[in-house]
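In: Fold the following, please.
(2 chains)
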Amino acid sequence: MTESLVQRRHALSVLSQQLDVLARSPVPSFASTLRAIGLDPLTRTSPRVLQINVGKMCNQVCRHCHVDAGPDRTEIMTRETMTHCLAALDAAPFEVVDLTGGAPELNPDFRWLVEQVRARGRAVIDRCNLTILLVRGQHDLVDFLAGHQVEVVASLPYFQARQTDAQRGDGVFEKSIEGLRRLNAAGYGAADGRLKLNLVYNPVGAFLPPRQEAIERDFRRELAQRHDVRFNHLFTITNMPINRYLEYLLESGNFDEYMQRLQAAFNPAAARGVMCRDTLSVGWDGTLHDCDFNQQMQLGLPAGLPRHIADFRPEALHQAPIAIGNHCYGCTAGAGSSCGGAVE
Amino acid sequence: MGDYYRSEDLGKFAEIGRDAPELAEKFFGWYESVFAEGALSAREKALIALAVAHSEQCPYCIDAYTRSCLEQGSNPAQMTEAVHVAAAIKGGAALVHGVQMRNTTDKLSM
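Out: Numbers count the residues shown, from 1 in each chain, chains lettered A, B, ... in the order given. Predicted coordinates for the structure are as follows:
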């Protein structure tokens, strides 16, 4: 297992270095591309998803991680900040609370937060790395998630060990399959859809994802035949050229070509459907962002909008502009990419 | 001749239409239709293209369809088997001409 950029004191752990690299990429600015299709400024629609990043701590150190998460990252959301999130939930009609990290389950108040959100009748998504289900102290996590009808969105970049382990670490595939089996045993992934288990595919390398329906068929066949594992849907997510994936792109000499590939595959329909239009993202420290990627780039809501969840006012978001950067090409390439998979 | 094939030249392919735009338009339109989902999936077509690219030994095509196969969800094992299919047909095509060699040998020999 490697370490986070921060732990290694890597140059890219300094955010301005990443911004410099992205600014020098051989593509027109994302803003100018939006302008060309009359989508500047990109603005919000009705808020639907409150995505809360409860901390950067993780039991894995994946090579493509846009958060630069890892065991050494100690940034964790406090219960006080979670209380502000719940107040926002009471003030606005968010349908879904999407919990992410790091490994969100490692936050000591994760289960409390899930209970509070479910008591408010809102749906909860747990972005689960699967191996966390096997970690000591988490033996009852599957039952907890099932008991609260939490939707599990689980990372599994490929249906074979070689690719999965190359991205997520040695032995991760085998543990992930064991995690999926435990979820299946609890009723997750059944055809009735009562306990939703959705998988996330990320390309293992410097290329774009396949068509979602096509690769979903391959995953369903291979996981059933070889591992007796079932799931509901598979989401394809494009890797975002920030943090550790940016490190990979630069080290492998793929950065320029990847940015050109993203830009050449720019899809106006995907741009109109980007997730930031109906998502509000909260950082571990309560800061507000248009998406989890902007959050990692420390790009807050545009000027004049609330900066912190404690200051959240639903009316402030009404048709508010969205902060953008060249990394946004990652969400608009091909069929588009969002935390819920392809956009069209 | 050392840099006869340059990766960045693939991006200039569309410039082939500069002196014959109508022909280029027809070619690229037809090409796009060929690779669309049809009776064969886009993934299957990309694997066929990868195999043919090796048989034709076109560096541009090998680069383009290696990427395309990965972006259609194929893995290195499937892609390697596709290249073996190309190699088997290419090798077989050479070897099966041995029948001609035998025919001629038989004619010339006592």
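In: So the closest residue to chain A within chain B: helix, strand or coil?
Out: For chain B, the residue closest to chain A is residue B:73, as judged by C-beta to the nearest C-beta, at 3.6 Å. From N, CA and C alone the C-beta is placed, and that goes for glycine too. With DSSP: H, G, I helix; E, B strand; the rest coil as the basis, residue B:73 sits in coil.
In: In contact with it, which residues?
Out: For residue B:73, the contact set (C-beta atoms under 8 Å, 6 or more residues apart in numbering or on different chains) comprises A:210-211, A:214-215, A:218, B:43.
In: same check, this time on residue A:255
Out: Per C-beta under 8 Å, 6+ apart, neighbours of residue A:255: A:21, A:25, A:241, A:246, A:249.
In: same check, this time on residue B:39
Out: Contacts of residue B:39 by C-beta under 8 Å, 6+ apart: none found.
In: Likewise for residue A:313?
Out: Neighbouring residues of residue A:313 by C-beta under 8 Å, 6+ apart: A:91, A:306.
In: tell me the pLDDT at it?
Out: On pLDDT, residue A:313 comes in at 94.
In: okay, now the closest residue to residue A:56 other than its chain neighbours: neighbour count?
Out: Excluding the flanking residues, the one nearest residue A:56 by C-beta to C-beta, 6 or more residues apart in numbering or on different chains is residue A:73, at 3.7 Å. Using other C-beta atoms under 10 Å in any protein chain shown, residue A:73 is surrounded by 22 other residues.
In: Those residues of chain B touching chain A, which are they?
Out: Near chain A, the residues belonging to chain B are B:41-43, B:67, B:70-73, B:75 when assessed by C-beta under 8 Å from any C-beta of the partner chain.
In: in a helix, that's where residue A:20 is, yeah?
Out: Yes - applying three-state DSSP, one finds residue A:20 inside a helix.
In: Number of residues surrounding it?
Out: Burial of residue A:20 is recorded as 11 neighbouring residues (other C-beta under 10 Å).
In: how much space is there between it and residue A:182?
Out: For residue A:20, the distance to residue A:182 equals 44 Å [C-beta to C-beta, to the nearest Å].
In: how would you label the residue nearest to residue A:56: helix, strand or coil?
Out: Going by three-state DSSP: residue A:73 is coil.
In: on that earlier part again, got a list of what the closest residue to the residue of chain B closest to chain A other than its chain neighbours touches?
Out: Distances taken as C-beta to C-beta, 6+ apart put residue A:210 closest to residue B:73, at 3.6 Å, once the chain neighbours are dropped. Residue A:210 makes contact with A:201, A:236, B:43, B:71-73, according to C-beta under 8 Å, 6+ apart.
In: Return the set of buried residues in stretch A:189-196.
Out: A:189, A:195-196 (16 or more other C-beta atoms under 10 Å in any protein chain shown).
In: Name the nearest of those residues relative to residue A:280.
Out: residue A:196 (22.0 Å; C-beta to C-beta).
In: how about the residues of chain B next to chain A, which pair is most distant?
Out: The distance between the two most remote of the residues of chain B next to chain A (C-beta to C-beta) is 17.1 Å, for B:41 and B:67.
In: Those two - which one has more neighbours?
Out: Neighbour tally, residue B:41 and residue B:67, criterion other C-beta under 10 Å: the higher count belongs to residue B:67, 18 against 15.
In: could you dump stretch A:253-272 to CSV, C-alpha only?
Out: Extracted in CSV, the C-alpha atoms of stretch A:253-272 (Å, rounded to 0.1, in the frame of the first residue of the first chain):
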residue,chain,number,x,y,z
GLY,A,253,3.0,10.5,-19.2
ASN,A,254,-0.7,10.4,-19.9
PHE,A,255,-1.8,13.8,-18.6
ASP,A,256,-2.0,15.9,-21.8
GLU,A,257,-3.5,13.1,-23.8
TYR,A,258,-6.1,12.4,-21.1
MET,A,259,-7.2,16.0,-20.9
GLN,A,260,-7.4,16.2,-24.7
ARG,A,261,-9.5,13.0,-24.7
LEU,A,262,-11.9,14.4,-22.1
GLN,A,263,-12.2,17.7,-24.0
ALA,A,264,-12.7,15.9,-27.4
ALA,A,265,-15.5,13.8,-25.9
PHE,A,266,-17.2,16.9,-24.4
ASN,A,267,-21.0,16.2,-24.6
PRO,A,268,-23.3,19.2,-24.3
ALA,A,269,-26.2,16.9,-23.1
ALA,A,270,-24.0,15.6,-20.4
ALA,A,271,-23.0,19.1,-19.4
ARG,A,272,-26.7,20.1,-19.1
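In: Which residues belonging to it are considered buried?
Out: Residues of stretch A:253-272 classed as buried: A:254-255, A:257-259, A:261-263, A:265-267, A:270-271 (neighbour count, 16+ other C-beta under 10 Å).
In: So residue B:69 belongs to a helix, correct?
Out: Yes - according to three-state DSSP, residue B:69 belongs to a helix.
In: residues in contact with the residue in the stretch 1-150 of chain A that chain B sits nearest to?
Out: Nearest to chain B, among the residues of the stretch 1-150 of chain A, is residue A:26, at 11.0 Å (C-beta to the nearest C-beta). By C-beta under 8 Å, 6+ apart, the residues touching residue A:26 are A:256, A:259-260.
In: element containing it, please.
Out: Secondary structure assignment for residue A:26, by DSSP states H and E: no helix or strand.
In: Report pLDDT for it.
Out: pLDDT at residue A:26 comes out at 93.
In: Check residue B:11 too.
Out: So, for residue B:11, pLDDT stands at 88.
In: mind listing the strands for the chain?
Out: Using chain A here. A:49-53, A:96-100, A:123-128, A:151-155, A:197-201, A:233-236, A:279-282, A:288-289 (DSSP state E).
In: wait, chain B
Out: Counting by DSSP E, chain B has no strands to list.
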